[in-house]
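In: One predicted model, sequence on top.
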Amino acid sequence: QVRLVESGGGLVLAGGSLRLACAAPGSISSIGSINAMGWYRQAPGKQRELVATITSDGNTNYADSVKGRFTISRDNAKNTVYLQMNSLKPEDTAVYYCNAGKGRSSEYRPIYWGQGTQVTVSS
């Protein structure tokens, strides 16, 4: 079992910024089925949606709703993936889930999940 640990959620005013972090165990790089990591989010009453992904070679992909505002990055030395969220809107309010999976862009399939971190954007 792979344990992913998210941090960085919280309450912020609209227009503000937050940075989420997701720490993965060092052993994740040795799992052959894992070549990418990503963030999903789920707002109350809505389906979980993909926010952004990043492959092991740095290829990134974003949902249209966050393009130009969110940036996903990774620090391979720390086994950590980040989601920098700028110009936050109330509609960004959701529980954000880190995951590790396989594939790039629309072919990304999450395999392991974190416990989620709440992001609340007030107007």
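Out: Noted; the coordinates are in hand.

In: State which strand of this protein is the longest.
Out: strand 94-102 (DSSP state E).

In: what is the rounded mean pLDDT of that one?
Out: Averaging the model's pLDDT scores along strand 94-102 yields 96.

In: what does stretch 34-49 give?
Out: Stretch 34-49 carries an average pLDDT of 94.

In: Can you list the neighbours in contact with that stretch?
Out: Counting by C-beta atoms under 8 Å, 6 or more residues apart in numbering, stretch 34-49 makes contact with 2, 20, 22, 24, 28, 50-56, 63, 72, 74, 81, 83, 91-104, 108, 110-112, 116, 119, all of which sit outside it. Where C-beta positions appear, they are placed from N, C-alpha and C, glycine not excepted.

In: For V121, which residues are in contact?
Out: V121 sits next to L11, V12, L13, A14, G16, L88, K89, P90, E91, D92, T93 when contact means C-beta under 8 Å, 6+ apart.

In: now S105
Out: With C-beta under 8 Å, 6+ apart as the criterion, the residues that contact S105 are T53, N59, N61.

In: Which PyMOL command selects the buried ones in those residues?
Out: In PyMOL, a selection of the buried entries from these looks like this (16 or more other C-beta atoms under 10 Å):
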select buried, resi 53+61
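
In: before we move on, back to that, indicate each strand paired with the longest strand of the chain and its parallel or antiparallel sense.
Out: Taking DSSP bridges as the criterion, strand 94-102 pairs within the sheet with strand 36-42 (antiparallel), strand 109-113 (antiparallel), strand 117-122 (antiparallel).

In: At which residues are the strands of this structure located?
Out: According to DSSP E, the chain carries its strands in the segments 5-7, 10-13, 18-23, 36-42, 49-55, 60-62, 70-75, 80-85, 94-102, 109-113, 117-122.

In: Tell me the helices and strands packed up against the first one.
Out: Just to be clear, that refers to strand 5-7. Counting by 3 or more C-beta pairs under 8 Å, 6 or more residues apart in numbering; DSSP states H and E, the packing neighbours recorded for strand 5-7 are strand 18-23, strand 94-102.

In: I appreciate the help and will end here.
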